[in-house]
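Student: Here is a sequence with its predicted model. Questions after.
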Amino acid sequence: MEIPPKSPDGSEKSPQSKELITSNTGSTLCMSSRSESVWTSASRSKWDIYHKPVIVVSVGAAIFLFGTVITSLSCFLTKNKDVYKMSGPAFLSLGLMLLVCGLVWIPIIRKKQKQRQKSQFLQSLKSFFFNR
């Protein structure tokens, strides 16, 4: 059996127990949470909320149009026809996938915003009634 090394100050407590005693887990958890907007009531602009799905929709539409052009080139050009026939539908499907994902993402964000507003309202009611 190994004897654990003593701490430099001579106390018998292990370093793990000192960490548990002196850590501020609750406040650290709230500070480092990903959804800080729940704790702060600062309102965000529409662009801050919807910029990611708008970018995904735009990129998806651009890739879809590029795939349409590449696919149509396979009908008109005889040189490298096999390359156009293979890459055109790939760009079409990738663009359509991104376009649909972005278009589905927007209603999901709207629903979350409504739920967050309801949640903040209910939290304010709870704090009003229970803090008296």
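Tutor: That came through, no problem. Keep in mind it's a predicted model, so treat the numbers as computed, not measured. Numbers count the residues shown, from 1 in each chain.

Student: From now on I want contacts and neighbour counts done on CA atoms only, so please keep to that.
Tutor: Noted.

Student: quick one: low-confidence ranges for the protein?
Tutor: 1-42, 132 (pLDDT under 70).

Student: redo that, cut-off 50
Tutor: Applying pLDDT under 50 to the chain picks out residues 27-33, 36-39.

Student: residue ranges of the helices in it, please?
Tutor: Using DSSP state H, the helices of the chain run over 15-22, 25-31, 36-39, 46-76, 81-130.

Student: Turn the ones you listed into CSV, columns for mean neighbour count.
Tutor: CSV is the format used below for the helices of the chain (neighbours: other C-alpha atoms under 10 Å):
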stretch, mean neighbour count
helix 15-22, 9
helix 25-31, 10
helix 36-39, 12
helix 46-76, 17
helix 81-130, 15
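
Student: hang on, Ser93 packs against Phe64?
Tutor: Yes. Here Ser93 reaches Phe64: they are 7.3 Å apart, a contact under C-alpha atoms under 8 Å.

Student: Render the CA-only coordinates of stretch 97-108 in CSV, please.
Tutor: The C-alpha atoms that make up stretch 97-108 are tabulated as CSV, following Å, rounded to 0.1, in the frame of the first residue of the first chain:
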residue,chain,number,x,y,z
MET,A,97,-29.9,20.0,-48.3
LEU,A,98,-28.5,23.3,-47.0
LEU,A,99,-31.4,25.3,-48.3
VAL,A,100,-33.9,23.0,-46.6
CYS,A,101,-31.9,22.9,-43.3
GLY,A,102,-31.8,26.7,-43.2
LEU,A,103,-35.5,27.1,-43.9
VAL,A,104,-36.4,24.6,-41.2
TRP,A,105,-34.0,26.3,-38.7
ILE,A,106,-35.9,29.6,-38.9
PRO,A,107,-39.2,28.3,-37.4
ILE,A,108,-37.3,26.4,-34.7
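
Student: Noted, bye for now.
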